[in-house]
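> Quick one, structure for this:
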Amino acid sequence: MFISKCGVAVSLIALVMLFMPILGNNMTLLLIVIGALFLLNILMCVVFYKDKSSAKKEAQRVSEKTLILLSALALHSTTHLVMHFTRHKTNKVSFQVKLLMAIAIQFTLSVIGFVHMYV
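Numbering: from 1, shown residues only. Next up, the predicted model:
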């Protein structure tokens, strides 16, 4: 779990390093990106809570692919907080591994983009 939290931090730093020179000059675009991230994180929280309540009721569940995709779109920034506050998916090793792989892929793509743009 600690490794994936560190991966989230490193991934976010890499994304900031990649996009800040582009977004820094355009305040409107920066506000749009921040707003979109805020909304995606709220959506991710709602979907996690919905899946948790569906699990308690043994009703139709949200797929792990959807949870991981939403986490990736929200840049994994609140995923671990929501998981621990809801106590949902924290003991499922396969989900943790998939989430860590998504973080690693996002970080790798950020580094490749950074190198391509600035080196």
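> what helices or strands is the helix or strand containing residue 32 leaning on?
Here residue 32, judged by DSSP states H and E, is contained in helix 27-57. For helix 27-57, the packing partners by 3 or more C-beta pairs under 8 Å, 6 or more residues apart in numbering; DSSP states H and E come out as helix 2-23, helix 64-73, helix 79-86. In short, each C-beta sits where N, CA and C put it, glycine included.
> Next, the angle from it to helix 79-86.
Orientation note: helix 27-57 sits at an angle of 30 degrees relative to helix 79-86 (axes from the mean of the first three to the mean of the last three C-alpha atoms, to 10 degrees).
> where in the protein is pLDDT low?
1-8, 10-12, 14-15, 17-19, 21-24 (pLDDT under 70).
> Using the three-state scheme, assign the most centrally placed residue in it.
Among the residues of the chain, the one closest to the centroid is residue 76, at 1.9 Å (C-alpha atoms, centre = their mean). Secondary structure, DSSP: H, G, I helix; E, B strand; the rest coil: residue 76 is coil.
> swap in residue 104?
Relying on three-state DSSP, one would call residue 104 helix.
> Surely the residue nearest to the centre of the chain and residue 106 touch.
Yes. Using C-beta atoms under 8 Å, residue 76 is in contact with residue 106, at 7.2 Å.
> If you count neighbours, what's buried in the helix holding residue 32?
By 16 or more other C-beta atoms under 10 Å, the buried positions in helix 27-57 come out as 40, 41, 44, 45, 47, 48, 51, 52.
> With adjacent residues omitted, what lies nearest to the first one?
In other words, residue 40. residue 74 (4.2 Å; C-beta to C-beta, 6 or more residues apart in numbering).
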